[in-house]
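Colleague: coords below, sequence missing:
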């Protein structure tokens with residue numbers, strides 16, 4: 001739960017998970033067997049994006065980020 005220090009009210013919950021298996025329809029896969037994001041319509045969204053927007057974020061490398069986090 002995420003609680004602002006001023007109000008003390010729980011306003012948000014953060015869930016971090018690692019998906020090991022997912023199920024998708026075959027018509028959402030491309031020729032390599034990967035999910036084609038332009039064919040996939042998610043049932044939920046995160047952040048300020050809109051359903052249908054495609055956004056690619058680079059993965060973080062712990063060795064590069066560790067110093068920033070420990071500060």
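Modeller: Thanks, I have the structure now. The model shown is predicted, which means the values in this text are computed figures rather than measured ones.
Colleague: can you give the distance of stretch 2-14 from its chain's centre?
Modeller: When distances are taken as Cα atoms, centre = their mean, to the nearest Å, stretch 2-14 is centred 21 Å away from the chain's centroid.
Colleague: wait, residue 30 touches residue 36, no?
Modeller: Yes: using Cβ atoms under 8 Å, residue 30 makes contact with residue 36 at a distance of 4.4 Å. Quick note: C-beta positions are derived from backbone N, CA and C, even for glycine.
Colleague: just the helices in the chain please.
Modeller: For the chain, applying DSSP state H gives helices covering 62-70.
Colleague: show me where pLDDT drops low in it?
Modeller: Applying pLDDT under 70 to the chain picks out residues 1, 41-57, 71.
Colleague: mind listing what residue 14 touches?
Modeller: Each residue near residue 14 by Cβ atoms under 8 Å, 6 or more residues apart in numbering is listed here: residue 2.
Colleague: from residue 24, how far out is it?
Modeller: As defined by Cβ to Cβ, to the nearest Å, residue 14 lies at a distance of 25 Å from residue 24.
Colleague: residue 3 - nearest residue in space that isn't next to it in sequence?
Modeller: Sequence neighbours aside, residue 10 is the residue nearest to residue 3 in space, at 5.3 Å (criterion: Cβ to Cβ, 6 or more residues apart in numbering).
Colleague: could you report the distance from that neighbour to residue 16?
Modeller: Separation of residue 10 from residue 16 (Cβ to Cβ): 17 Å.
Colleague: more crowded one of these two?
Modeller: Neighbour count, other Cβ atoms under 10 Å: between residue 10 and residue 16, residue 10 has more, with 10 against 4.
Colleague: isn't the more buried one up against residue 4?
Modeller: No: judged on Cβ under 8 Å, residue 10 makes no contact with residue 4 at a distance of 9.1 Å.
Colleague: before we move on, back to that, which residues do residue 30 and residue 36 both contact?
Modeller: With Cβ under 8 Å, 6+ apart, residue 30 and residue 36 have no common neighbours.
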